[in-house]
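Undergrad: Coordinates only, no sequence provided:
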């Protein structure tokens, strides 16, 4: 069971007032939660540089009419099934698909997969959302 | 039907050789596709600043044991159903969940939703993947 | 005179230990200073989006042999003297110059100046370092 | 002497028209220069990850009234003189200083110096502008 400790932070009064406004605007219930998020964000950045087990999502936009595109995207995903958990497919309009691939594993492999998918002709845009497995950020 | 045109780009020979190596490493089949991706990337950045219809994904990591957390996350998603398409939920381990929310709509509203979800106590990390509806980037 | 207040932050013990290691590695003398920097960083990001008085630096790399390049760069800087404080010029090697322009003023104008300088033929790279006047972040 | 080659890029007509508008807005004189900048940007990003000789600037904002602050900042800069070329100092107002340190050398060392300076108590903000020596991007 996680044990919670409390420590003091000293801050200029004016800066604190501005911080309180900022976190209210961002919907935080209290300062601790806002500061925890700033701290966790630093750790998640690190996990993607130095870690060996991360999680996230690859977002692709493509025109499914492109010849062989669906086959290519599926073939590649099968080659990388060790880092792919599942895939969500959305028909945005007559031509455009939004495909979101939930990924988990080694950050280098996940980035490589994102690069390969993005480079396919017909894939208009690819974005990699870098998050965490949550194990290291309590 | 989209009409393709061709134009010339002049580049230092040495820089072009290095570019060819870079795009081979990134799996591009040819220079045009690599350059198209660089150009599209600029447009997608713009869409999130100036546009009114974008697509993407919000990635959340949270501990589902937290009291009321699932209810809160679900309630908020219902309030923002105008920008949410669908949600994918993955059990990463005994405690941690990876939830990926496919989003589409006004970039300000999508960002607001991401901020609100991220600020919930128990949500360890939130990331917003900014992509496009594909309509404006052929 | 700035008045300093103190408030408590609660954090999981394990996360706090990892945070202590991180800030030691980054040379922070104590937690308060590290957390203040995370908070200030958020404000500086905001100043560049919503503020009207920011400070920073535009870094340019160019080959001074390019015909008319020095004239162009100087002419443009004179047109934008309202946001330019001073310029530092370094001869990196026989061909390449590093020019660092200290800027202060409206963020939109500063970005516009950076865009214009970067677009000049012969300017190989341009980067904008976004900082603050310090007035709003005590 | 650098040798310039020319190659063809094929692009959807509508996307090309939008690209032409974008680069006009950003003051580019022609497509080649705009595309060269996109390509060079990729190389500069790589130099900071994999390279061993980069250039840039560290921007600091600090209140010079802070006890010992000037001494600390100067001492550290002397310890890192192998990556520091020169320093530009600007008095923003009665309290705040903008200091811009021109840097060149190993990217890891430059980042370490930026981290150390940023962590000093009294330094309100630190930003690292990542550019290039220009040698590798013609």
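TA: Arrived safely. Just so it is clear, the model here is predicted, and its values are computed rather than measured.

Undergrad: Run through the residues that contact residue A:4.
TA: C:10-13 (CB atoms under 8 Å, 6 or more residues apart in numbering or on different chains). Using the backbone N, CA and C atoms, a C-beta is placed for each residue, glycine as well.

Undergrad: could you pull out the strands for chain A?
TA: Ranges of strands within chain A are A:4-12, A:54-63, A:84-91, A:96-105, A:123-131, based on DSSP state E.

Undergrad: Domains of chain A: list them as residue ranges, please.
TA: As given by automatic domain parsing, the domain ranges for chain A are A:13-50, A:54-131.

Undergrad: highest average neighbour count across those?
TA: Burial of the domains of chain A is given as mean neighbour count (mean count of other CB atoms under 10 Å in any protein chain shown); domain A:54-131 ranks first at a mean of 19.

Undergrad: that older thread, any chance of the strands of chain A in JSON lines, with mean pLDDT too?
TA: Shown next, in JSON lines, are the strands of chain A (pLDDT from 0 to 100):
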{"stretch": "strand A:4-12", "mean pLDDT": "94"}
{"stretch": "strand A:54-63", "mean pLDDT": "97"}
{"stretch": "strand A:84-91", "mean pLDDT": "95"}
{"stretch": "strand A:96-105", "mean pLDDT": "96"}
{"stretch": "strand A:123-131", "mean pLDDT": "97"}
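
Undergrad: closest one to residue B:3 among those?
TA: Among these, the nearest to residue B:3 by CB to CB is strand A:54-63 (15.0 Å).

Undergrad: That closest one close to chain B?
TA: Yes - Strand A:54-63 reaches chain B (CB under 8 Å from any CB of the partner chain) through A:55-57, A:59-63.

Undergrad: packing partners for the longest helix belonging to chain A?
TA: Secondary structure of chain A read by DSSP state H shows that its longest helix is helix A:31-50. If contacts are counted by 3 or more CB pairs under 8 Å, 6 or more residues apart in numbering or on different chains; DSSP states H and E, helix A:31-50 sits against helix A:13-25, helix A:107-119, strand A:123-131, helix B:107-119, strand B:123-131, strand C:4-12, helix C:13-25, helix C:31-50.

Undergrad: Does the first one reach chain C?
TA: Yes - on the criterion CB under 8 Å from any CB, helix A:13-25 is in touch with chain C at A:13-16, A:18-19, A:22.

Undergrad: Do stretch A:104-119 and chain D come into contact?
TA: No - judged by CB under 8 Å from any CB, stretch A:104-119 stays clear of chain D, getting no closer than 11.6 Å.

Undergrad: Show me the contact partners of that stretch.
TA: With contact meaning CB under 8 Å, 6+ apart, stretch A:104-119 is reached by A:47-49, A:51-56, A:58, A:60, A:73, A:76, A:80, A:82-85, A:101, A:103, A:123, A:125-126, A:128, A:130, A:133, B:23, B:26-29, B:33-34, B:37, B:92, B:98.

Undergrad: same deal with stretch A:131-138?
TA: A:2, A:40, A:43-44, A:47, A:51, A:53-57, A:104, B:59-63, B:92-93, B:95-98, B:124-127, C:12, C:14-15, C:18.

Undergrad: same thing but 7 Å
TA: The contact list for stretch A:131-138 (CB atoms under 7 Å, 6 or more residues apart in numbering or on different chains) reads A:2, A:40, A:43-44, A:47, A:53-56, A:104, B:59, B:61, B:63, B:92-93, B:96, B:124-125, B:127, C:12, C:14-15.

Undergrad: Relative to the whole chain's centre, how far out is the longest helix of chain A?
TA: In this view, helix A:31-50 has its centroid 13 Å away from the chain centroid, taken as CA atoms, centre = their mean, to the nearest Å.

Undergrad: measure residue A:20 to residue A:114 for me?
TA: 38 Å (CB to CB, to the nearest Å).

Undergrad: Residue A:13 too?
TA: 45 Å.

Undergrad: ok, now residue A:91?
TA: 22 Å.

Undergrad: Residue A:8 touches residue C:8, doesn't it?
TA: Yes - counting by CB atoms under 7 Å, residue A:8 touches residue C:8, with 5.7 Å between them.

Undergrad: Now residue A:3: phi and psi?
TA: Backbone torsions of residue A:3, given as degrees, to the nearest 10, read phi -110, psi 130.

Undergrad: Check what pLDDT the closest residue to it other than its chain neighbours gets.
TA: Residue nearest to residue A:3 in three dimensions, not counting chain neighbours: residue C:13, with 4.6 Å by CB to CB, 6 or more residues apart in numbering or on different chains. We have a pLDDT of 93 for residue C:13.

Undergrad: can I assume residue C:13 is in contact with residue A:5?
TA: Yes - assessed by CB under 7 Å, residue C:13 is found in contact with residue A:5 at 4.9 Å.

Undergrad: just to revisit the earlier point, now do the longest helix of chain A against helix C:31-50, angle only.
TA: Orientation check (axes from the mean of the first three to the mean of the last three CA atoms, to 10 degrees): helix A:31-50 against helix C:31-50 gives 90 degrees.

Undergrad: What angle do helix B:107-119 and helix A:31-50 make with each other?
TA: Interaxial angle of helix A:31-50 relative to helix B:107-119 (the same axes, to 10 degrees): 100 degrees.

Undergrad: Would you mind giving the orientation angle of helix A:31-50 with respect to strand B:54-63?
TA: With the same axes, to 10 degrees defining the directions, helix A:31-50 sits at 100 degrees from strand B:54-63.

Undergrad: for the record, mean pLDDT for helix A:31-50?
TA: The pLDDT scores in helix A:31-50 average 95.

Undergrad: who touches that helix?
TA: Contacts for helix A:31-50 (CB under 7 Å, 6+ apart): A:23, A:28, A:54, A:107, A:130-132, A:136-137, B:118-119, B:121, B:124-125, C:7, C:9-11, C:15, C:18-19, C:22, C:35, C:38.

Undergrad: measure stretch A:16-32 end to end?
TA: 13 Å (CA to CA, to the nearest Å).

Undergrad: picking up where we left off before, from the contacts of residue A:4, list just the buried residues.
TA: C:11-12 (16 or more other CB atoms under 10 Å in any protein chain shown).

Undergrad: Throw the contacts of residue A:4 into JSON lines and include distance to residue C:67, thanks.
TA: What follows is those, written out as JSON lines (distance: CB to CB, whole Å):
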{"residue": "C:10", "distance to residue C:67": "63"}
{"residue": "C:11", "distance to residue C:67": "59"}
{"residue": "C:12", "distance to residue C:67": "62"}
{"residue": "C:13", "distance to residue C:67": "64"}
